[in-house]
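Undergrad: Build me a model:
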Amino acid sequence: MTTEYRPATYSNILEDMLVSEAQPGQGGHLEGSPGQVFSAVWRLTNSCYSFVVAEMANVLGIDGARPILKRAIWNLGRYVGTKTRRGFEDQGVALTVENFMRDGLGGLEDIQEMQGNFVWTRHYVSYDEFYCPTWDQYSRLCPRELAILTCEDIHIAMAKAFNPDIDQWFSALLPKGEGKCGFKWEMSFEAAERAEQRAKRYRAWAEEAGVELETPPPQRSSDPATVYRNLVGMWVYKYYFPLDELLRTFSDDEVESLTRRAMRKWGTWRGQMMREEHERRGWPLNVENLIKYSDDPAARDAWVAENVALSVTEHTKDITKSALSDELDAIGVGKFGVPLFEEALPAQAKAYNTAIEVAIPKLMEKGDSISRYVYTMTS
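TA: Just a heads-up that it's a prediction; the model follows:
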């Protein structure tokens, strides 16, 4: 084991930011360190996903939701694994287990904090995970049977899409109540050697042809905005792929209705967590504290706010650049990205204080050039 584990809860994230004297950034939100931004965005990613999955189970039952979610998770894993593979191939990086784990998953060995029995070679990686920021959310919000399915399937789907020679399995799983996740990734020595040779030949060809190889994007970064951008993609994928699979069976209206309910519940949960923590600290439940201590941290140039005004009773801002909106657009979420804002944000504000209302007269997800948010305290 390495460092003391801090569960990815709003209370812990806020406390860590206040201890480190994080300052309000653009739009009023606290500007966190890379580790704080990771915890905050990963909390949003997996709680958002959990509410979508829980609503699927509410409508379809566990047995009805299971096959749809299984297909969605395999498609998600294949998408991420394929995207990673193509990036590595363009960079002349060998498709080995070592490289997949070190860089392909955002430096997973650095992100996950509590590990044991760690083994690391070119063709084999194995370790035990006793605490997990993903399980922090799944354990409270996601039906256990569907959390198990997600954890079991997403890793092998990513690994196989990255390199079919890689096998992945679990010796234990937290959602099964086994006290840890035992991760194992393996490829044969011969397969690792073939991957190294292919990458070596590609680099030699590129040098001879005068082709400049792409520079790998930073994964383990000291820049909070880079961390934010690296993580927000997975937030969008885990939101999008279950909805995409639902659309293959149900009508647009049915899926949109389910999505809006899920996002209202997600926003309400976020607002309640903030309300409870602020009441515990004796803070007034006003607009300024809702925005200044938001559970979605500022991330420097990962999103840009202009025309910002913030007071006890009012808040306005224009978002002119957003990593989240960029990812929603890139993967083609379309109108199903709208509930992330139109439903979740007003519900969060209302759960925090029923006197706070939210209007969104402009939204990039609707084709506007900016997103404009207006918070007003009515009493």
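
Undergrad: in this protein, which ranges drop under the pLDDT threshold?
TA: When residues are selected by pLDDT under 70, those of the chain lie in 1-3, 103-116, 216-221.

Undergrad: any idea how far Ile331 is from Tyr79?
TA: Separation of Tyr79 from Ile331 (Cβ to Cβ, to the nearest Å) stands at 8 Å. Where you see a C-beta, it was placed from the backbone N, CA and C, and this is true even at glycine.

Undergrad: overlap in contacts of the two?
TA: Common neighbours of Tyr79 and Ile331 (criterion: Cβ atoms under 8 Å, 6 or more residues apart in numbering): Tyr237.

Undergrad: pretty sure Ala40 is touching Ala298, no?
TA: No - counting by Cβ atoms under 8 Å, Ala40 sits too far from Ala298 to count as a contact (10.1 Å).

Undergrad: Looking at the two now, which is surrounded by more residues?
TA: Counted by other Cβ atoms under 10 Å, Ala40 and Ala298 do not tie: Ala40 has more neighbours, with 26 against 23.

Undergrad: For the more buried one, give its distance to Ile291.
TA: 15 Å.

Undergrad: Stretch 27-38: end-to-end distance?
TA: Taking Cα to Cα, to the nearest Å, stretch 27-38 runs 19 Å from one end to the other.

Undergrad: Name the surrounding residues that touch that stretch.
TA: 13-14, 16-17, 20, 22-25, 40, 111, 221-224, 226-228, 231, 288, 291-294, 296-300, 303, 305, 308, 310, 315, 317, 319.

Undergrad: just the buried members of those residues?
TA: With burial judged by 16 or more other Cβ atoms under 10 Å, the buried subset of the contacts of stretch 27-38 is 13-14, 16-17, 22, 24-25, 40, 111, 221, 224, 226-228, 231, 288, 291-294, 296-299, 303, 305, 310, 315, 317, 319.

Undergrad: Can you check which helix is longest in this protein?
TA: Using DSSP state H, we find that the single longest helix of the chain is helix 34-91.

Undergrad: can you give me the strands for the stretch 251-379 of the chain?
TA: 303-310, 314-322, 356-362, 371-377 (DSSP state E, counting those that start in this stretch).

Undergrad: The second one: partners in the sheet, and parallel or antiparallel?
TA: Partner strands and pairing direction for strand 314-322 (DSSP bridges) are strand 303-310 (antiparallel), strand 371-377 (antiparallel).

Undergrad: Can you tell me which of these is most buried?
TA: Highest mean neighbour count of those: strand 371-377, a mean of 19 (counted as mean count of other Cβ atoms under 10 Å).

Undergrad: quick one: it to strand 356-362, angle?
TA: Using axes from the mean of the first three to the mean of the last three Cα atoms, to 10 degrees, the inter-axis angle of strand 371-377 relative to strand 356-362 is 160 degrees.

Undergrad: And the contacts of strand 371-377?
TA: Under Cβ under 8 Å, 6+ apart, the answer for strand 371-377 is 286-287, 290-291, 312-319, 322, 325, 341, 345, 349, 353, 355-365.
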